[in-house]
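1. Below is the structure, and that's it, no one-letter string:
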């Protein structure tokens, strides 16, 4: 089955996307509605972040983020 449609990404929070993108491959802490995640920011996508914590990648939806900051 071939689907001929174009997918469009819409940034729900372009300011967050821009701010978080500056911390790629750095240690960050992100507070979500379900708790905190602290680790290396591996990737930033329009709808999620990938944070490696203890060797495991965590996929955090941007809509669930309350705050983030660079960790030391």
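-> That came through, no problem. Note that the coordinates shown come from a computational prediction; the quantities given were computed from them, not determined experimentally.

2. low-scoring stretches of this structure, by residue?
-> Along the chain, segments meeting pLDDT under 70 span 1-11.

3. Which stretches in it count as strands?
-> Ranges of strands within the chain are 27-32, 35-44, 48-53, 56-61, 65-70, based on DSSP state E.

4. right, so of those strands, which gets closest to residue 12?
-> Residue 12 lies closest, by Cβ to Cβ, to one member of the strands of the chain: strand 56-61, at 9.6 Å. For the C-beta atoms, the positions are set from N, CA and C on the backbone; glycine is no exception.

5. Kindly state the beta-bridge partners for residue 51.
-> residue 41, residue 58 (DSSP bridges).

6. Over to residue 29?
-> With DSSP bridges applied, residue 29 shows beta-bridge pairing to residue 38, residue 69.

7. Now render the strands of the chain as a markdown table, adding mean neighbour count and distance to residue 21.
-> Supplementary listing: the strands of the chain in a markdown table, determined by neighbours: other Cβ atoms under 10 Å; distance: least, Cβ to Cβ, whole Å:
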| stretch | mean neighbour count | distance to residue 21 |
| --- | --- | --- |
| strand 27-32 | 17 | 11 |
| strand 35-44 | 16 | 5 |
| strand 48-53 | 18 | 10 |
| strand 56-61 | 14 | 14 |
| strand 65-70 | 13 | 12 |
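
8. Of all those, which one comes closest to residue 19?
-> With Cβ to Cβ as the criterion, residue 19 lies closest to strand 65-70 of the strands of the chain, at 8.0 Å.

9. between the closest one and strand 35-44, how big is the angle?
-> Counting by axes from the mean of the first three to the mean of the last three Cα atoms, to 10 degrees, strand 65-70 points 70 degrees away from the direction of strand 35-44.

10. helices or strands next to strand 65-70 in the packing?
-> Secondary-structure packing of strand 65-70 (3 or more Cβ pairs under 8 Å, 6 or more residues apart in numbering; DSSP states H and E): helix 14-21, strand 27-32.

11. quick one: the residue nearest the centre of the chain from residue 22, how far?
-> Central residue of the chain (Cα atoms, centre = their mean): residue 49, 1.7 Å from the mean position. Per Cβ to Cβ, to the nearest Å, residue 49 is found 13 Å from residue 22.
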